[in-house]
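Student: predicted model follows, preceded by the sequence.
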Amino acid sequence: MIYRSKAPLRIGLAGGGTDVSPYSDLFGGAILNATISLYANASIELLQENKIVLETNDRGETAEFDLSNDLPINNHLDLLKGVYNCVVRDYGAIKSGFRLSTFVDAPAGSGLGTSSTLVVAIIGAFAEMLRLPLGEYDIAHYAYEIERKYLNLAGGKQDQYAATFGGVNYMEFYEGDKVIVNPLRIKQQYLFELENNLVLYYTSTSRESAKIIEQQSKNVVSKKEQSIEAMHQLKQQAQMLKEALLKGRLNEFGEILDYGYQQKKKMAEGISNSLMEDIYETAKAAGATGGKISGAGGGGFMTFYCPGTTKYKVIKSLEKFGGRHRSYQFVEHGLKTWTI
């Protein structure tokens, strides 16, 4: 038997960073995001031998252990081991040896929520195998608990919920890890137009988001006024972009993204850099009306809104930076699991 799962990565459209504690605990956060046709995949294959084999096929990392209820957390395959350890702790020992294999369609540190989406996919595979009675909110919160509290990895809350629920969502974040997911009913032609006009560009650089997020959190704790005010504005931006999308006012989309881009840079050092500024200004000169840095910033993917037919000029203009644009479609579904 093989138990499989897949969970979609996401594009953060607005409000990014307001889902991170302590800001979300103190002021409440809001984010607009959409899942796309890039995935984190996980498979569990039962083995005859009493051993655990872990492998990340996109990164070429493997590890093998005797069947045990607790695998060492040591900065090697910790996402895979962390999910396994917590599942055993919370739902009981797994009696059979198995191979857990994963593959993610985008590089780690690229800003599309790869790590959290992978955790969701792995939980999904174990839930399929063990028939765990977990709903969408349960899985998303469990992924958050494993990543942020068990593994102590800095970050927000949006990625786990986007991967689990799927679609276009306006999410609210409150004290006590309370999250409300509001699925948006967007007219199909508006989504088609947005999909047509958004260029997803990989800068061919990655970053360690934890350091940027830790600085962002410190700025809130130390009551750094500029950083906190920027987060207030980004939360407002999520509301503005949600309204524009629902009403089909896509001509406003680029300008709202541009406003958020300027605010996000004020949240913490390292969110932008000279390369990303050059890329951003080049895209705007070629016809983009605005854009954003995906995830925490510092590298990875950038997104640009290119009205009319300007996206082709924008893509061409960015070739000199050595990155590449990535094709995608919006997807409505979140985590899916099945058995073969």
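Tutor: Looks like it came in fine.

Student: just give me the longest strand of this protein.
Tutor: strand 29-47 (DSSP state E).

Student: so what's L191 up against?
Tutor: V168, F330 (Cβ atoms under 8 Å, 6 or more residues apart in numbering). No exception for glycine: its C-beta is placed from N, CA and C like everyone else's.

Student: check which helix or strand covers it.
Tutor: Using DSSP states H and E, L191 falls within helix 188-197.

Student: same check, this time on M276
Tutor: M276 belongs to helix 274-285, assigned by DSSP H and E.

Student: got the buried residues for stretch 113-125?
Tutor: Within stretch 113-125, the residues that count as buried by 16 or more other Cβ atoms under 10 Å are 113-125.

Student: how about low-confidence regions in this structure?
Tutor: Scanning the chain for pLDDT under 70 picks out the ranges 205-216, 268-271, 295-299.

Student: circling back: which elements pack onto the helix holding M276?
Tutor: Here helix 274-285 touches strand 198-202, strand 290-293, strand 301-305, helix 311-317, going by 3 or more Cβ pairs under 8 Å, 6 or more residues apart in numbering; DSSP states H and E.

Student: make CSV from the ones you listed and add distance to L246 and mean neighbour count to it.
Tutor: Below are these laid out as CSV (distance: least, Cβ to Cβ, whole Å; neighbours: other Cβ atoms under 10 Å):
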stretch, distance to L246, mean neighbour count
strand 198-202, 17, 21
strand 290-293, 19, 25
strand 301-305, 17, 26
helix 311-317, 23, 17
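
Student: could these go into TSV alongside distance to V20?
Tutor: Listed next are the helices and strands packed on helix 274-285 as TSV, based on distance: least, Cβ to Cβ, whole Å:
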stretch	distance to V20
strand 198-202	23
strand 290-293	15
strand 301-305	19
helix 311-317	30
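
Student: so which of these gets nearest Q236?
Tutor: Nearest of those to Q236, taken as Cβ to Cβ: strand 290-293 at 15.0 Å.

Student: just to revisit the earlier point, right, and the helix or strand after the longest strand of the chain?
Tutor: Sequence order places strand 51-56 as the next helix or strand after strand 29-47, per DSSP H and E.

Student: run through who's touching the next helix or strand after that next one.
Tutor: On the C-terminal side of strand 51-56, the closest following helix or strand by DSSP H and E is strand 61-66. Strand 61-66 is contacted by residues N50, K51, I52, V53, L54, E55, T56, L71, H76, L77 when judged by Cβ under 8 Å, 6+ apart.

Student: which residue, other than its chain neighbours, is closest to the most centrally placed residue in the chain?
Tutor: By Cα atoms, centre = their mean, the chain has its centre lying nearest to G113, at 2.0 Å. Counting by Cβ to Cβ, 6 or more residues apart in numbering, G113 lies nearest to D159, which is 3.4 Å off, once chain neighbours are set aside.

Student: which residues does stretch 41-50 contact?
Tutor: Contact partners of stretch 41-50, identified using Cβ under 8 Å, 6+ apart, comprise 1-6, 53, 66-67, 96-105, 118, 121-122, 124-126, 128-129.

Student: change it to 6 Å
Tutor: For stretch 41-50, the external contacting residues (Cβ atoms under 6 Å, 6 or more residues apart in numbering) are 1-6, 67, 96-103, 121-122, 125, 129.

Student: now do the helices in the stretch 201-340 of the chain.
Tutor: Secondary structure of the stretch 201-340 of the chain by DSSP state H, counting those that start in this stretch: the helices cover 209-221, 225-246, 253-264, 274-285, 311-317.

Student: pick the most deeply packed of those helices.
Tutor: When the helices of the stretch 201-340 of the chain are scored by mean count of other Cβ atoms under 10 Å, the highest mean neighbour count falls to helix 253-264 (a mean of 20).

Student: alpha carbons of stretch 285-295, as CSV, please.
Tutor: What follows is stretch 285-295, C-alpha atoms only, in CSV (Å, rounded to 0.1, in the frame of the first residue of the first chain):
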residue,chain,number,x,y,z
ALA,A,285,9.7,50.4,-16.5
ALA,A,286,8.6,47.6,-18.8
GLY,A,287,4.9,48.1,-17.9
ALA,A,288,4.1,46.5,-14.5
THR,A,289,2.0,48.7,-12.4
GLY,A,290,3.1,47.1,-9.1
GLY,A,291,4.4,44.0,-7.5
LYS,A,292,5.5,42.3,-4.3
ILE,A,293,8.1,40.2,-2.7
SER,A,294,6.8,36.7,-1.9
GLY,A,295,7.0,35.5,1.7
